[in-house]
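Asks: what shape does this take:
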Amino acid sequence: MSPTTLPAGLEHGHVTFLGAGPGDPGLLTLRAVEALANADVLVAEHEVLDVVRVHARHGVAEVHTDTGPSGDSAGSSSNPGPGTGAPQLTVVDGASTTAALPAVRDAAHLVMEAARGGRRVVRAVSGDPGLDTYAAEEMLACAAAGVPFEVVPGVAAAVGVPAYAGVPLRDAQGADVRFVDARTASDRCWTEVGASDGTVVVSTTLDAVGAAAGELVSAGRKPDTPMTVTVAGTTTRQRTWTATLGTIAQTLKQAKVLPSPEGGRPVIAVVGERSAAAQRDQLSWFESKPLFGWRVLVPRTKEQAASLSDQLRSYGAVPHEVPTIAVEPPRTPQQMERAVKGLVTGRYEWIAFTSVNAVKAVREKFEEYGLDARAFAGIKVAAVGEQTAKALIAFGVKPDLVPSGEQSAAGLLEDWPPYDPVFDPIDRVFLPRADIATETLVAGLIELGWEVDDVTAYRTVRASPPPAETREAIKGGGFDAVLFTSSSTVRNLVGIAGKPHNVTVIACIGPATAKTAEEHGLRVDVMAPEPSVHKLAEALAEFGMRRRAAAVEAGDPVTRPSERRPGARRRRSTT
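Replies: Next up, the predicted model:
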């Protein structure tokens, strides 16, 4: 068949062979993200799908190849050959509907089937497609079938993992670098790398590291040659051991790494004089992050926690959002309707937003009446803090007043001007807020001479309990830390999920929240220097950094709080 002749049913189909990198979704290229956003079908193994699906569009279909670990030729390679069984096609839209694809003989036929009917297919592989053992065969199959395809390179595990482990492969002397897949390497290959004095990057499995080290020693490398071994590279599960070719097996045994149910997991080992432990001590930037690998519970919705979770990830943490409140419309909407109409007809001089939810409630009411941000013309707008201000800007409204100091009702009052009948033609403020909000702002505005329409814009109710697995982790010490951003988050989390275990680090946004936590029997370890969720995250990171430094200084292994002995008592922090 001519490559320009398309089989029936494959017209305009297109396949993108995409390198998903070694595991960190942040290593995907801009072109990879663009291809994923336009894909109709994703074809990959489960672990690779976990990396790429975050950038896929809503409603994309997934084809799970289920062939075991994947990788590149300098890492672990998948074998999408015969015997894989019938893969499953799942629509990622929250539904549970799953339809089995017709049985296929190999991944190439699977990709052809996914592209049928003109669909845009992304065939994602770990590492780089050019180093994947079977990607070339699938590309040839596309060419033979006349299916257009492109290749989007990715970061190879053999290069990306050492970079994240703090192990440079080359220095100013420009040492030779060799890459070896220990599972397929011939005796001749071992002999060649053994005769070289350059750096060797070995892709192997956790249970075969000792054997690979032995092969290199037998081939001529000295037993005291430095060696680093990294598992789960570029992810927050990454762990690296430093030893020599002669001691690596004993080092892993002492660390209770082998034998292990996970012994077959792919690892990257770097061998060579220039990958010495002294260098890694200075260059280990990833695993030395202050909250590396910490599971941090964030009692907020995904929307509320988005920027906070991003900040925690930058410290190496794994955030887990658990909503503790749900937002519902007010029981009597007439008050809110009158206030919005009064806003349009010039009843108010100011409108003050005390939360992102208040902005959302007003915006939804605007949309119900066919209004937009232009309705705020001539009205001064105040926001209680940065996050509320961002929500207003997203609505098309730039607030006139944001607290210059403390981001709270008290901070807003410090900057709020008193009513002046000469300069203020109207003396009324529209205050849309929650049904359980405090009276601080209302009382303060009245004291400044303003009339206040205090309107219930939304109700806050306790959220449904999280899944049983999450509840067990909270009570059993499965989380390393929990961030409490208000007294209500303390009460609601304890109410729907139980009290956090005593090994869990408790971080509170301010004194009032800390007092509520202590009233519930929790010992507070960290408190933000000012009432800001971002300052709270910073304070937790500083706590983690001090904890790590203390362990290193004492010569103890660096562990997470959840790795302490069950029932271990925590001492009160002076933070």
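Asks: going forward, measure contacts between C-alpha atoms and count neighbours the same way
Replies: Noted.
Asks: OK, contacts around the closest residue to Ala539 other than its chain neighbours?
Replies: Of all residues not flanking Ala539 in the chain, Ala528 sits nearest, at 5.7 Å (C-alpha to C-alpha, 6 or more residues apart in numbering). Counting by C-alpha atoms under 8 Å, 6 or more residues apart in numbering, Ala528 touches 507-510, 535-539.
Asks: Glu215 now?
Replies: Trp190.
Asks: and the next element down the chain from the host helix or strand of Ala389?
Replies: According to DSSP states H and E, Ala389 maps onto helix 386-395. Next along the chain after helix 386-395, taking DSSP H and E as the criterion, comes helix 409-415.
Asks: flag the shaky bits of the chain, pLDDT-wise.
Replies: For the chain, the stretches with pLDDT under 70 are 1-12, 66-105, 172, 174, 258-264, 274-278, 301-305, 436-438, 564-575.
Asks: for it, what's the longest strand?
Replies: strand 451-462 (DSSP state E).
Asks: run me through the strand neighbours of that one, direction for each.
Replies: Partner strands for strand 451-462, per DSSP bridges, with pairing direction: strand 325-328 (antiparallel), strand 428-434 (parallel).
Asks: buried deepest among these, which one?
Replies: Counting by mean count of other C-alpha atoms under 10 Å, strand 428-434 has the highest mean neighbour count of the strands paired with strand 451-462, with a mean of 23.
Asks: list the contacts of the helix or strand containing Thr230.
Replies: Using DSSP H and E, Thr230 falls within strand 226-231. Strand 226-231 has contacts (C-alpha under 8 Å, 6+ apart) with 161-162, 165, 206, 237-245, 248, 265-273, 275-277.
Asks: likewise for stretch 504-514?
Replies: Under the contact criterion C-alpha under 8 Å, 6+ apart, stretch 504-514 has outside partners 477, 479-487, 490, 522-533, 536, 540, 561-562.
Asks: what number of residues lie near Val533?
Replies: 22 (other C-alpha atoms under 10 Å).
Asks: correction: Ala549
Replies: Ala549 has 16 nearby residues by other C-alpha under 10 Å.
Asks: what about it, which SS state?
Replies: helix (DSSP: H, G, I helix; E, B strand; the rest coil).
Asks: and stretch 16-33, C-alpha only, in PDB?
Replies: Taking C-alpha atoms only, stretch 16-33 is exported to PDB below (Å, rounded to 0.1, in the frame of the first residue of the first chain):
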ATOM      1  CA  THR A  16       1.700  11.900  17.900                       C
ATOM      2  CA  PHE A  17       4.500   9.800  19.400                       C
ATOM      3  CA  LEU A  18       5.100  11.700  22.600                       C
ATOM      4  CA  GLY A  19       7.900  11.500  25.100                       C
ATOM      5  CA  ALA A  20       6.400  11.800  28.600                       C
ATOM      6  CA  GLY A  21       9.800  12.100  30.300                       C
ATOM      7  CA  PRO A  22      11.000  10.200  33.400                       C
ATOM      8  CA  GLY A  23       8.000  10.900  35.600                       C
ATOM      9  CA  ASP A  24       7.700  14.600  36.500                       C
ATOM     10  CA  PRO A  25       4.800  16.200  34.500                       C
ATOM     11  CA  GLY A  26       6.700  19.500  34.700                       C
ATOM     12  CA  LEU A  27       9.300  18.100  32.300                       C
ATOM     13  CA  LEU A  28       6.800  17.800  29.400                       C
ATOM     14  CA  THR A  29       7.600  20.100  26.600                       C
ATOM     15  CA  LEU A  30       5.400  23.000  25.400                       C
ATOM     16  CA  ARG A  31       4.700  21.000  22.200                       C
ATOM     17  CA  ALA A  32       3.700  18.000  24.200                       C
ATOM     18  CA  VAL A  33       1.200  20.000  26.200                       C
END
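Asks: flag every buried residue along it.
Replies: By neighbour count with 16 or more other C-alpha atoms under 10 Å, stretch 16-33 contains the buried residues 16-25, 27-29, 32-33.
Asks: tell me the one among those residues nearest to Pro223.
Replies: Pro22 (29.0 Å; C-alpha to C-alpha).
Asks: ok, that closest one to Pro466 distance?
Replies: Going from Pro22 to Pro466 by C-alpha to C-alpha, to the nearest Å gives 31 Å.
Asks: what's stretch 245-255 in contact with?
Replies: Contacts of stretch 245-255 (C-alpha under 8 Å, 6+ apart): 209-210, 213-214, 216-217, 222-227, 241-243, 258-259, 271.
Asks: Val202: which element?
Replies: Here Val202 is assigned to strand 199-205, by DSSP H and E.
Asks: all strands of the stretch 51-200 of the chain, in order?
Replies: Secondary structure of the stretch 51-200 of the chain (DSSP state E, counting those that start in this stretch): strands at 61-64, 88-91, 98-100, 120-125, 149-152, 177-181, 199-205.
Asks: okay, stretch 243-256 in PDB with CA atoms only?
Replies: Written as PDB, here are the backbone C-alpha positions of stretch 243-256 (Å, rounded to 0.1, in the frame of the first residue of the first chain):
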ATOM      1  CA  ALA A 243      28.100   3.900  47.600                       C
ATOM      2  CA  THR A 244      30.800   2.200  45.500                       C
ATOM      3  CA  LEU A 245      30.600  -0.700  43.000                       C
ATOM      4  CA  GLY A 246      31.900  -3.000  45.800                       C
ATOM      5  CA  THR A 247      29.600  -1.700  48.500                       C
ATOM      6  CA  ILE A 248      26.300  -0.900  46.800                       C
ATOM      7  CA  ALA A 249      24.700  -4.300  47.400                       C
ATOM      8  CA  GLN A 250      25.500  -4.000  51.100                       C
ATOM      9  CA  THR A 251      24.300  -0.400  51.200                       C
ATOM     10  CA  LEU A 252      20.900  -1.300  49.800                       C
ATOM     11  CA  LYS A 253      20.600  -4.300  52.100                       C
ATOM     12  CA  GLN A 254      21.300  -2.100  55.200                       C
ATOM     13  CA  ALA A 255      18.800   0.400  53.900                       C
ATOM     14  CA  LYS A 256      16.300  -2.600  53.800                       C
END
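Asks: right, so the strands of the stretch 51-200 of the chain: which one is the most enclosed?
Replies: strand 120-125 (a mean of 28).
Asks: how far away is the residue nearest to His534 when sequence neighbours are not counted from Tyr315?
Replies: Closest residue in space to His534, ignoring its immediate chain neighbours: Leu308 at 6.4 Å, by C-alpha to C-alpha, 6+ apart. Leu308 sits 11 Å away from Tyr315, going by C-alpha to C-alpha.
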